[in-house]
Structure formats: C-alpha cells, structure tokens
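K.L.:
got a predicted model here, sequence first, then my questions.
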Amino acid sequence: MYAIPLGEDGAELRPLEPWHAREFLDHLDRGREFIGRFIPFGSKATDLDSARAMLQRYADLRAADTASLHGLWLGGTLVGGVLFLNFDAARGNCEVGCWLEPAGTGRGLVTRAMRVLIDWAVGERGIHRVEWVAAAGNTPSVNTARRLGMTRDGVRREAHPYGGVRHDLEVWSVLAPEWREARARAAHSDH
C-alpha cells in the first residue's frame with residue numbers, strides 16, 4: 001500500500017489493516033503490560049482471530065469515515081500506532097490517540113506520526129478541532145500533546161475508572177488556525 005517515512009531512523013507510518021493480524025498480535029504480546037498501564041487498547045485482541053476482528057472493526061470504521069488505525073514501524077517491526085478514535089468531518093472535530101510498546105518509546109515516533117495525521121485532518125479534511133485525551137498520570141502522552149502545540153483545555157476529574165483506580169483525564173486540543181500557524185513557523189525556521 002503506502003508507507004510514509006518519519007525520519008532517518010527508518011521509522012514509517014503505514015495503514016494497519018486486517019491482514020496485519022499476526023504482526024499486530026505479536027506486537028501487542030510484546031507490549032501488552034506497558035500499553036495497558038493507562039488504556040485498555042488491544043486488551044481483547046488475545047489470539048489471531050480477535051486481533052483480526054479488532055483490525056477489521058477499525059477497517060470498517062475507516063470505511064465509514066469515523067475512525068482509523070495507522071501503524072508505526074521501526075526497522076520493519078510494528079512497534080505502535082496512532083489513531084483517529086472519533087472522526088467527524090461534518091462537525092469538523094476529531095480525537096486522536098496513540099499506543100507504543102517499550103521498543104518504540106523515547107524516539108519521538110508518536111509526535112512525528114501525529115503531525116502527519118493532523119496535517120491531513122486539517123489540510124485535507126477540514127477538521128477544525130483536534131482533541132487529545134490522556135490519563136493525567138500518563139506523562140509521556142501529556143508531553144506529546146505539549147510537543148504538538150496543543151492547549152490543555154481542562155481536567156475531567158476521576159472520569160476514567162481503569163485498573164481499580166479512577167484516573168483524572170486531561171483534555172488537550174489544537175484548532176486548525178493554531179495548527180497551520182505553528183506548522184508555518186516551523187517550516188520557516190527550518191530554512
């Protein structure tokens with residue numbers, strides 16, 4: 001299909017589709033405990049059939065233009081991904097998110113991939129508001145929202161019961177004019 005290079009380290013952003021089920025399951029098995037610290041992403045994908053079903057569900061959501069998964073490969077190995085959890089082009093709103101196994105952390109992969117997704121959402125699809133929601137204790141996720149130039153809208157206190165704890169959720173967002181301005185500044189400073 002396609003692969004979008006994310007830098008000189010061999011990282012790529014690619015579609016994550018049902019035929020990747022084996023690779024997706026292997027990736028989840030390597031990172032299940034780490035990924036599951038704050039989110040249940042992939043927790044129901046425990047065998048090949050359930051992994052394929054999860055990827056098929058997102059393929060169907062992509063076809064309906066309401067959500068999509070995008071994998072992050074490093075050196076040819078799937079190490080995580082970024083996604084549109086909710087995509088509402090008619091209203092101009094979307095929510096984005098991510099997950100990584102430990103081998104993908106600390107490299108800026110999510111930040112680089114998310115710039116591609118947000119550029120597309122704002123530039124091609126006319127999305128006005130891009131939202132990021134993270135458990136307050138998930139420092140890497142909160143830091144990614146900051147690196148993307150998002151504004152912290154607020155905290156939904158103890159809104160996320162998970163793992164026997166009620167987590168605060170931080171809500172971050174960037175609006176299309178803010179995104180375009182920041183990207184223009186970044187492009188100008190690169191020259």
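P.N.:
In hand now; what should we look at? Residues are numbered from 1 along each chain as shown.
K.L.:
from now on I want contacts and neighbour counts done on CA atoms only, so please keep to that.
P.N.:
Fine.
K.L.:
any low-confidence regions in the chain?
P.N.:
1, 190-191 (pLDDT under 70).
K.L.:
that one: helices as residue ranges?
P.N.:
For the chain, the helices defined by DSSP state H cover 21-35, 48-63, 109-123, 139-147, 176-189.
K.L.:
quick one, the first one and helix 48-63 angle?
P.N.:
Meaning helix 21-35. 90 degrees (axes from the mean of the first three to the mean of the last three C-alpha atoms, to 10 degrees).
K.L.:
contacts made by helix 21-35 with the rest, please.
P.N.:
With contact meaning C-alpha atoms under 8 Å, 6 or more residues apart in numbering, helix 21-35 is reached by 41-43, 45-49, 51-52, 55, 78-80, 99-102.
K.L.:
make a ChimeraX selection of whichever of those residues turn out to be buried.
P.N.:
Typed into ChimeraX, the line below selects the buried ones among the contacts of helix 21-35, using 16 or more other C-alpha atoms under 10 Å:
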select :42,45,48,51,52,55,78,79,80,99,100,101
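K.L.:
circling back to that earlier point, tell me which of the helices of the chain lies nearest to L74.
P.N.:
L74 sits nearest to helix 109-123 of all the helices of the chain, at 8.9 Å, using C-alpha to C-alpha.
K.L.:
for the closest one, buried residues please.
P.N.:
109-114, 117-119, 121-122.
K.L.:
nearest to A11, of the helices of the chain?
P.N.:
Closest among those, using C-alpha to C-alpha: helix 109-123, at 7.4 Å.
K.L.:
so A3 sits against A11, correct?
P.N.:
No - assessed by C-alpha atoms under 8 Å, A3 is found out of contact with A11, at 9.5 Å.
K.L.:
settle it for me: which of the two has more neighbours?
P.N.:
Just comparing A3 and A11: by other C-alpha atoms under 10 Å the higher neighbour count belongs to A11, 24 against 13.
K.L.:
residues contacting the more buried one?
P.N.:
If you count contacts by C-alpha under 8 Å, 6+ apart, A11 has them with 5, 72-75, 109.
K.L.:
E95 now?
P.N.:
84-87, 130-133.
K.L.:
quick one: which of the residues you listed sit in strands?
P.N.:
Applying DSSP state E to the contacts of E95, the entries found in strands are 84-87, 130-133.
K.L.:
what's the burial count for R91?
P.N.:
That count, for R91 with other C-alpha under 10 Å as the rule, works out to 11.
K.L.:
run through the residues that contact the nearest residue to it once chain neighbours are set aside.
P.N.:
Residue nearest to R91 in three dimensions, not counting chain neighbours: I127, with 7.9 Å by C-alpha to C-alpha, 6 or more residues apart in numbering. Residues in contact with I127 (C-alpha under 8 Å, 6+ apart) are 89, 91-94, 121, 176.
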